[in-house]
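Colleague: What follows is a predicted structure for the sequence shown.
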Amino acid sequence: MSQGIDVGESKSNQRTSQPAIGELGGQILQEALSVSSNPWDTIKQFQEDNELKHEEDDLLSLLEKTFQYISFQELSDIPIHILTLLPHIPDQYLQILSNQPSLSQRCPLDLKRQIWQVNEGLFREWAVPIIEEYVTYYNQAIQNTHSDHSRLIVKREDNPSLNQLLDGIGHSLQLYNWCCHYVRNLFVNTSRYAFCSLRSDLCMAMHDANRIQVIENDGSYRFIWLLNACINGSSLDLRKIQELKSFFDTVHYNDHVIGDVAMVAASPASVRLTCKIVYDILYENAKRGVNEVREDDESLLYATHLMSIAGRAMDILKEGRYVIPTPETETMSTFYPYLQSILLQDIQSTTDHRDDPTPRSPTREEKVRENSIQGWTVHLQSANHFIPKKMLLYYIYVKTSKRDTHVMTPLTNLMMSCLNVSEVVGPEREFVITLINENITAKNGTLRHMVIDVFLMQYREESFFVQQQMVRFLCESNLRIPTLVHYIHKTIPRNCNDARLCQLYTNITNRYRSRITEANAPFLFNFIQGKPVDFSRSLPSASSPPPADRHETPSSHAMSSSWSPPQPMSPEERVQLPSGVPYGFPTDLGNDDE
């Protein structure tokens, strides 16, 4: 290395007052490089000797002499380093680099940004996989049983994919806009609402990094900032409402920003917030004995308005009709009074049991509750069913988190009636994940039966995502071995050659090791090894209910006297099953449904 540098120095010292630029500089540099073992140090030394630190014209002249070596692995560092020193790189050099991906991949990130801006395809190839990784991380974070599932918030700074996007975009408005465009397209094409979270998080990450010159050109920035503050504070106070109103006053008809606003409003955390606000207001009304719903309640009105916008997000982007939906008067006048009456029944039922704890016949009480809850069907079948459906799922989440299983049968019926497999793996994916989380921590046989056996079992043959969640449940619930073996037998796909599923079920053997063996679960090992599985034979324990889990209360099996081996069931048959049957489910890794 020293020899190469010495050559450069000896030649450059021949100059008097003029730096070695042009033909002389090229000759000197070529001689230095021909004997140098470290071209990078040689070129830096040459720059210092010839005062090329700041003169753009001189750097361009040097680049012209050295760019011909960029295709040589040993010499490419030299022109690349010169390119990084230039405040403005001529387009012809960027075009050459953009047309040779193998070269552009070797460039530092600052240089890549400039290359991407002349070749959008290269940026898309880099950004889209990272965007998809964000969604994977987001769902994995929600699956963390220690997370705050009540708000569906994932910390931005903890997401490595988001940080990668932030670094890649830098201070480029063009790259930021392209990235937002990819996120919108992925949301429309996949119906994965985690992309809505990314649209918000990307803007707020730029805000946190103080890249104001970029996000001040994002028309939805003010809305995202306000809604983010509401989500973090878990409230929608009057001051924030006034600021949101002020924002919407600035949005023009058919403004594309409405599409981004709708996306952000439809993010899982935003919808969870608005559902919570509506639920809390109606619950407090019921608690105070208020019979009517105040249609002038600003918080209730604006939470409803945000949900109406969220419900139209997909249609707005698909149709390209950027119009803010009008408030749904039917929701305020009909659905909310109905929901408030349901909450009043909940309060009265809790009070009655507290005042008179003696056992009573569940038949009449359950009949009344079931009849009332079945009234939800009317609202789910209405034209504007988004809010009734979201409120139903939030109500189920509340009941699940409180371990209130008294009304799980009618609620499960409703849940199955309004969710098909495409919604389970798409728009309601986060809901399914949190439902599994609650089942893992609840350790309640009745709840497990309704959520796992009755609800999710119907989708397992159609959805790899559902299989993931079932296996996650089995791996994390700490079930007793007889119950676990029973559930494994029940959940293994009957007709599937998907190698991903074999890998998925291998997690059960890894999790339980010596406790799950070929002796007590031969069908599992046959499935993993690709051997035929005899599903016609019942397990030895199938003649009687599987033992209660160590964490379950005796009452959770008091209703399971009619238990029988698993059989294919119609929805009508499924809802008649006893609510104490202990069944089980899955883990999470691998790819999502294709």
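Modeller: Yes, it's here.
Colleague: Pick out the residue nearest the middle of this protein.
Modeller: The residue lying closest to the centre of the chain (CA atoms, centre = their mean) is Ala194, at 3.4 Å.
Colleague: now that one: how far from Leu300?
Modeller: In this view, Ala194 and Leu300 are 28 Å apart by CB to CB, to the nearest Å. Where you see a C-beta, it was placed from the backbone N, CA and C, and this is true even at glycine.
Colleague: show me the residues around the residue nearest to the centre of the chain that make contact.
Modeller: Contact partners of Ala194, counting by CB atoms under 8 Å, 6 or more residues apart in numbering, are 134-135, 138-139, 268, 429-430.
Colleague: Filter those residues down to the ones in strands?
Modeller: Residues of these located in strands (DSSP state E): none.
Colleague: got a markdown table for those residues, with neighbour count, distance to Lys367 and pLDDT too?
Modeller: Converted to a markdown table, the contacts of Ala194 look like this (neighbours: other CB atoms under 10 Å; distance: CB to CB, whole Å; pLDDT from 0 to 100):
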| residue | neighbour count | distance to Lys367 | pLDDT |
| --- | --- | --- | --- |
| Tyr134 | 23 | 47 | 95 |
| Val135 | 22 | 43 | 92 |
| Tyr138 | 24 | 42 | 91 |
| Asn139 | 20 | 39 | 88 |
| Pro268 | 25 | 35 | 94 |
| Arg429 | 23 | 34 | 91 |
| Glu430 | 24 | 33 | 90 |
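Colleague: show me where pLDDT drops low in the stretch 101-250 of the chain?
Modeller: 145-150 (pLDDT under 70).
Colleague: Helices of that one, residue ranges please.
Modeller: Here the stretch 101-250 of the chain has its helices, by DSSP state H, counting those that start in this stretch, at 101-104, 109-116, 120-143, 160-169, 173-190, 194-208, 212-215, 221-233, 238-249.
Colleague: Flag every buried residue along the last one.
Modeller: Residues of helix 238-249 classed as buried by neighbour count (16 or more other CB atoms under 10 Å): 240-241, 243-244, 247.
Colleague: Report the rounded mean pLDDT for the helix or strand hosting Arg369.
Modeller: Following DSSP states H and E, one finds Arg369 within helix 362-374. Averaged across helix 362-374, the pLDDT comes to 71.
Colleague: ok, residues contacting the next helix or strand after that helix?
Modeller: Later in the chain than helix 362-374, the nearest helix or strand by DSSP H and E is helix 376-380. If you take CB under 8 Å, 6+ apart as the criterion, helix 376-380 is touched by 334-335, 338, 342, 385, 388-389, 392, 414, 417-418.
Colleague: In these, find the pair that's most separated.
Modeller: Thr334 and Ser417 (19.1 Å; CB to CB).
Colleague: Could you pull out the helices in the stretch 351-500 of the chain for me?
Modeller: 362-374, 376-380, 386-401, 408-418, 421-425, 429-442, 445-448, 464-476, 481-491, 499-512.
Colleague: For the fourth one, could you pull out the residues that count as buried?
Modeller: Taking 16+ other CB under 10 Å as the neighbour-count basis, helix 408-418 is seen to contain the buried residues 408-416, 418.
Colleague: quick one: which of the helices of the stretch 101-250 of the chain is nearest Glu438?
Modeller: Checking these against Glu438 by CB to CB gives helix 120-143 as the closest, at 11.9 Å.
Colleague: Just the angle for that closest one relative to helix 429-442, thanks.
Modeller: Angle, helix 120-143 to helix 429-442, by axes from the mean of the first three to the mean of the last three CA atoms, to 10 degrees: 30 degrees.
Colleague: in helix 120-143, what counts as buried?
Modeller: Under the neighbour-count rule (16+ other CB under 10 Å), helix 120-143 has 122-124, 126-127, 130-139, 141-143 buried.
Colleague: got the angle between it and helix 160-169?
Modeller: Going by the same axes, to 10 degrees, helix 120-143 makes 150 degrees with helix 160-169.
Colleague: Which of the three states applies to the nearest residue to Asp315 once chain neighbours are set aside?
Modeller: Distances taken as CB to CB, 6 or more residues apart in numbering place Arg321 nearest to Asp315, at 7.8 Å, with adjacent residues excluded. Recorded secondary structure, Arg321: coil (DSSP: H, G, I helix; E, B strand; the rest coil).
Colleague: In a markdown table: the contacts of helix 376-380, plus pLDDT and distance to Thr274.
Modeller: Putting the contacts of helix 376-380 into a markdown table (pLDDT from 0 to 100; distance: CB to CB, whole Å) gives the following:
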| residue | pLDDT | distance to Thr274 |
| --- | --- | --- |
| Thr334 | 92 | 18 |
| Phe335 | 94 | 14 |
| Tyr338 | 94 | 18 |
| Ile342 | 92 | 18 |
| His385 | 90 | 16 |
| Pro388 | 95 | 13 |
| Lys389 | 95 | 13 |
| Leu392 | 96 | 14 |
| Leu414 | 90 | 20 |
| Ser417 | 88 | 23 |
| Cys418 | 89 | 18 |
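Colleague: Looking at the residues you listed, which one is closest to Pro522?
Modeller: Set against Pro522, the nearest of the contacts of helix 376-380 by CB to CB is Ser417 (37.9 Å).
Colleague: In the helix or strand containing Tyr93, which residues are buried?
Modeller: Counting by DSSP H and E, the element that carries Tyr93 is helix 91-98. By neighbour count on 16+ other CB under 10 Å, the buried set for helix 91-98 is 93-94, 97-98.
Colleague: Now do it and helix 109-116, the angle between them.
Modeller: 100 degrees.
Colleague: hmm, who's touching helix 91-98?
Modeller: By CB under 8 Å, 6+ apart, helix 91-98 touches 63, 67, 70, 83, 103-104, 107, 111, 114-119, 122.
Colleague: Kindly export it (C-alpha atoms) in CSV.
Modeller: The C-alpha coordinates for helix 91-98 follow below in CSV (Å, rounded to 0.1, in the frame of the first residue of the first chain):
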residue,chain,number,x,y,z
ASP,A,91,-27.6,12.4,-15.0
GLN,A,92,-25.5,10.4,-17.4
TYR,A,93,-23.5,8.8,-14.6
LEU,A,94,-26.7,8.0,-12.7
GLN,A,95,-28.3,6.5,-15.7
ILE,A,96,-25.3,4.2,-16.4
LEU,A,97,-25.4,3.0,-12.7
SER,A,98,-29.2,2.6,-12.8
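Colleague: avg pLDDT for it?
Modeller: Helix 91-98 comes out with an average pLDDT of 74.
Colleague: Am I right that Ile89 falls within a helix?
Modeller: No. Per three-state DSSP, Ile89 lies outside any helix segment and is coil.
Colleague: That one: neighbouring residues, count only.
Modeller: 19 (other CB atoms under 10 Å).
Colleague: and it, what is it in contact with?
Modeller: Contacts of Ile89 by CB under 8 Å, 6+ apart are 83, 111, 114.
Colleague: swap in Phe67?
Modeller: 79, 93.
Colleague: isn't Leu504 right up against Gln467?
Modeller: Yes. With contact defined as CB atoms under 8 Å, Leu504 and Gln467 form a contacting pair (6.2 Å).
Colleague: okay, Asp355: pLDDT?
Modeller: 45.
Colleague: shaky segments in the stretch 401-550 of the chain?
Modeller: In the predicted model, the stretch 401-550 of the chain carries pLDDT under 70 at residues 496-497, 535-550.
Colleague: Distance of the nearest residue to Glu120 once chain neighbours are set aside relative to Glu125?
Modeller: For Glu120, ignoring the flanking residues on the chain, the nearest one in space by CB to CB, 6+ apart is Trp178 at 6.2 Å. According to CB to CB, Trp178 stands 12 Å off from Glu125.
Colleague: residues in contact with Trp178?
Modeller: Shown in contact with Trp178 (CB under 8 Å, 6+ apart): 120, 123-124, 127.
Colleague: 10 Å - rerun?
Modeller: 116-117, 120, 123-124, 127, 169, 172 (CB atoms under 10 Å, 6 or more residues apart in numbering).
Colleague: Is Gln174 in contact with Trp116, as I believe?
Modeller: Yes. Counting by CB atoms under 10 Å, Gln174 touches Trp116, with 8.6 Å between them.
Colleague: between these two, which one's more packed in?
Modeller: More crowded of Gln174 and Trp116, by other CB under 10 Å: Trp116, with 26 against 14.
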